[in-house]
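Asker: would you be able to build a 3D model of this:
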Amino acid sequence: MLLELGRRLNITTFKYPLPPSPSPHAMNIRRLLSSAIIKSIEQVDLDRIACLTVEKSGRVLNVYLELLGEGNVIITDESGKILYALRQKTMRDRSVRTGVMYRPPPARGESIYSSPKIDEIRSEKVNIVRSLTKYYNLPPEFVEECLVRSSVDPNLPSSEISEPLLNTFLSTARSTIEEIKTSPLKPHIVVKDQKRISVQPVEFVSLPFERVPFDSFNAAVDEYFAPLVSAKEGERRRHPQEQEIAALEGVLIRQKASMKELEEKKQRDREIGETIISNLDKVQKLIDYVVDMRRKGVDWEEIKRTAPMNILKIDKSKGLLTAVLNGSEVVLDFKCSATENANRYFSSSKEASKKLKGLVSAIEETEKKIQDLKEGLLRVSQPVVLKSMKKEWYERFRWTFSSQGFLIIGGKDATQNEVLVKKHMEPNDIFAHSDVPGGSVVIVKSRGEEVPNETKEEAVAFAVVYSRAWRAGLGAADGYWVRAEQVTKTPPAGEYLGKGAFMIYGERNYVRNVPLTIFLGVQIADGAFRIIVGGEHFVRNASKSYVRLVPGDLSGSALVKRIKQLLVQRADSSLSQLINAIPESEILAQLPPGGSMPT
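Answerer: Sure, this is the predicted structure:
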């Protein structure tokens, strides 16, 4: 079951990437719900709230999954007192906090089964779709569909709604809801211009586009949202690099603006220096005049008025004047000679040129960083979300097929060992076990036929692999097989058999020195996958790529990483991304207990 807060609740066949470790919220939910049995699932008052009633150790709990707004997960005891809430908050109309009684959100909008207040609907200065959506709190897609079925223009202003029109809409809305509730559904994904735009349980005449049908609405919802989740995760992965690119592009804009300023300064200062040199006597005469007049006590305004050149302004505190020279404004330091003023402009031009060289290098470096990041962004692939293949009844156990095509199933623990013998072992089946205590019970389903010796030996090998011999790192171990009628749960008088233990009567058929080797492969078809294990013949012929495993020191993530590397190396290159997307847990679940070494 998959809950996407504020969006959807459905059973999924996709294997979404999981975080390396569960969050504190996930741990709290697990603490309350782990091993609980779902007794019922109901919708609360036709609102976007599902209530799961579960039972754990004789205690009844209610799990409210709210899809409205930003969504919430709320767990209460049987009386309705909140034990846990993902989002704890106090609102005007209710409080969602640990220890208080759970109350669903107040109903928003009027019921389509009540008498409408047409004046309120008309008062909205919007089109009829938005007005009815708000008044009845219905999805806009549903409102538009009911209007189209009623031959009403969805763009009609709400002020033009008449009572007959409204009654027609309500009648259509009620019948459409009844159709969805009672009639056979026609679930499908709506595709327009090769883009998925909607998923619906029945055919909407308001969406006259291509429809991709599904066997169930759940399957349609599952398929519709998977690419959206994948795209969202891809955006999350790209976001840090996109932010860095945006920051560097801002730096680049500023660098280029500075370069333009320096180029203009370099050109302007060189030209001013050259102008001063070409008018050296004239400039020197002006400087001498200003200095001489000040020595004589002439005020600045008089100097400006009587100077041999047009002086625009004088900054007496800095010893600078701005004069017009050959039609251009030139700032001169009258504390220096004309030649010194020219040299200062030439020096300033050279300094700007030097800075330009450094800035050009900086710009090239920034552009390279941006290019590298953009190329890296292309390599940030949108995560592949795989579906697991449809599971068969026996996949809850350990399972494989023999080289002759017989189903071999084994228990994962004492409970499953008990279930296999009591519920699934039939006459003519074969029971196999490792000679090492505490291993998996293995059964060969005979299909009513005589089981070949080769299959019996493969079943013993399967039992030996999933026994303590693997964890002990042995190279080989013994095992045996017997017929189904030799196995019983009835102990001798005065003795007791624990869970998963059985009595074997009669002769045991031993297989000695069975090598501890198993093969693991991956099946891939139509974007779905399945991990398989077993003997080389079955795995090689049934998988796209496979590895051989023996007892070793690798475990956990390191082991899965090495297995994936080998699977990718041996598979068609088109399958690499799919294999790398297989969740770690799916591979670990199939491995024998203890470390392994893939080859």
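Asker: C-terminal to the helix or strand harbouring Lys354, what's the next element?
Answerer: Assigned by DSSP states H and E, Lys354 belongs to helix 338-379. Later in the chain than helix 338-379, the nearest helix or strand by DSSP H and E is strand 386-388.
Asker: elements contacting that next one?
Answerer: strand 14-15, strand 528-534 (3 or more CB pairs under 8 Å, 6 or more residues apart in numbering; DSSP states H and E). (C-beta placed from N, C-alpha, C; glycine too.)
Asker: nearest to Ile189, out of these?
Answerer: Among the helices and strands packed on strand 386-388, the nearest to Ile189 by CB to CB is strand 14-15 (14.9 Å).
Asker: contact partners of the closest one?
Answerer: For strand 14-15, the surrounding residues in contact (CB atoms under 8 Å, 6 or more residues apart in numbering) are Leu2, Asp222, Ala226, Val385, Leu386, Lys387, Ser388, Phe529, Ile582, Pro583, Glu586.
Asker: sheet-wise, list the partners of that strand with their directions.
Answerer: Using DSSP bridges, strand 14-15 pairs in its sheet with strand 386-388 (antiparallel).
Asker: how about residues contacting the helix or strand following the partner strand?
Answerer: Next helix or strand after strand 386-388 toward the C-terminus (DSSP H and E): strand 398-401. With CB under 8 Å, 6+ apart as the test, strand 398-401 has contacts from 407-412, 440, 442, 462, 466, 532-535, 538, 542, 590.
Asker: I'd like the average pLDDT over strand 398-401.
Answerer: The average pLDDT within strand 398-401 is 97.
Asker: number of nearby residues for Lys350?
Answerer: Neighbourhood size, Lys350 [other CB atoms under 10 Å]: 13.
Asker: what's the PyMOL line that selects buried ones from the contacts of strand 14-15?
Answerer: The following PyMOL line selects those of the contacts of strand 14-15 that are buried, judged by 16 or more other CB atoms under 10 Å:
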select buried, resi 2+222+226+385+386+387+388+529+582+583+586
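Asker: now the contacts of strand 14-15 in CSV, with distance to Leu420 and pLDDT?
Answerer: Output for those, formatted as CSV (distance: CB to CB, whole Å; pLDDT from 0 to 100):
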residue, distance to Leu420, pLDDT
Leu2, 30, 90
Asp222, 31, 92
Ala226, 34, 87
Val385, 33, 78
Leu386, 29, 82
Lys387, 28, 84
Ser388, 23, 85
Phe529, 26, 91
Ile582, 27, 89
Pro583, 26, 87
Glu586, 22, 91
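Asker: where in the stretch 151-300 of the chain is pLDDT low?
Answerer: Nowhere does the stretch 151-300 of the chain drop to pLDDT under 70.
Asker: which stretches in it count as strands?
Answerer: 188-192, 195-200, 210-213 (DSSP state E, counting those that start in this stretch).
Asker: quick one: contacts of the last one?
Answerer: In this structure, residues lying in contact with strand 210-213 by CB under 8 Å, 6+ apart are Lys186, Pro187, His188, Ile189, Val190, Val191, Lys192, Glu203.
Asker: grab the nearest non-local neighbour of the residue sitting nearest the centre point of the chain.
Answerer: Geometric centre of the chain, nearest residue: Glu233, 3.4 Å, by CA atoms, centre = their mean. Leaving aside its sequence neighbours, Glu233 sits nearest to Pro383 (CB to CB, 6 or more residues apart in numbering; 4.8 Å).
Asker: list the contacts for that neighbour?
Answerer: Contacts of Pro383 by CB under 8 Å, 6+ apart are Pro17, Ser230, Glu233, Gly234, Arg237, Ala581.
Asker: distance of it from Ser151?
Answerer: 45 Å (CB to CB, to the nearest Å).
Asker: and Val126, by the same measure?
Answerer: Distance from Val126 to Ser151, by CB to CB: 21 Å.
Asker: returning to what we had before: just name the most buried of the helices and strands packed on strand 386-388.
Answerer: strand 528-534 (a mean of 21; mean count of other CB atoms under 10 Å).
Asker: paired strands for that one, with orientation please.
Answerer: In the sheet, strand 528-534 lines up with strand 386-388 (parallel), strand 518-525 (antiparallel) (DSSP bridges).
Asker: starting at the chain centroid, how far to that strand?
Answerer: How far strand 528-534 lies from its chain's middle: 24 Å, per CA atoms, centre = their mean, to the nearest Å.
Asker: mind listing residues that contact that strand?
Answerer: Strand 528-534 is contacted by residues 13, 15, 386-390, 398, 400-402, 408, 458, 462, 518-523, 538-539, 542-543, 578, 582, 586-587, 589-591 when judged by CB under 8 Å, 6+ apart.
Asker: 6 Å instead?
Answerer: 386-387, 389, 400, 518, 520-523, 539, 542-543, 582, 586-587, 590 (CB atoms under 6 Å, 6 or more residues apart in numbering).
Asker: likewise stretch 483-491?
Answerer: Against stretch 483-491 from outside (CB under 6 Å, 6+ apart): Met425, Pro427, Asp429, Phe431, Leu497, Phe502, Met503, Ile504, Tyr505, Gly506.
Asker: just the buried residues of the contacts of strand 528-534.
Answerer: 386-387, 389, 400, 518, 520-523, 539, 542-543, 582, 586-587, 590.
Asker: which one of those residues is nearest Asp435?
Answerer: Out of the buried ones among the contacts of strand 528-534, the member with the shortest distance to Asp435 (by CB to CB) is Ile518, at 17.6 Å.
Asker: okay, now the closest residue in space to that closest one that isn't next to it in sequence: neighbour count?
Answerer: Distances taken as CB to CB, 6+ apart place Val465 nearest to Ile518, at 4.7 Å, with adjacent residues excluded. When neighbours are counted by other CB under 10 Å, Val465 registers 32.
Asker: and if you look at the one 4 residues further on?
Answerer: Number of residues near Ala469 (other CB under 10 Å) recorded here: 26.
Asker: residues contacting it?
Answerer: For Ala469, the contacting residues are Val436, Ala477, by CB under 6 Å, 6+ apart.
Asker: hang on, the earlier thing: distance between the helix holding Lys354 and the chain's centre?
Answerer: Centre to centre, stretch against its chain (CA atoms, centre = their mean), the figure for helix 338-379 is 42 Å.
Asker: now for it, which elements pack on it?
Answerer: Where contact means 3 or more CB pairs under 6 Å, 6 or more residues apart in numbering; DSSP states H and E, helix 338-379 is packed against helix 217-278, helix 280-295.
Asker: measure stretch 132-140 end to end?
Answerer: One end of stretch 132-140 sits 8 Å from the other (CA to CA, to the nearest Å).
Asker: go through it and flag the buried ones.
Answerer: Neighbour-count burial for stretch 132-140 [16+ other CB under 10 Å]: Leu132, Thr133, Lys134, Tyr135, Tyr136, Leu138.
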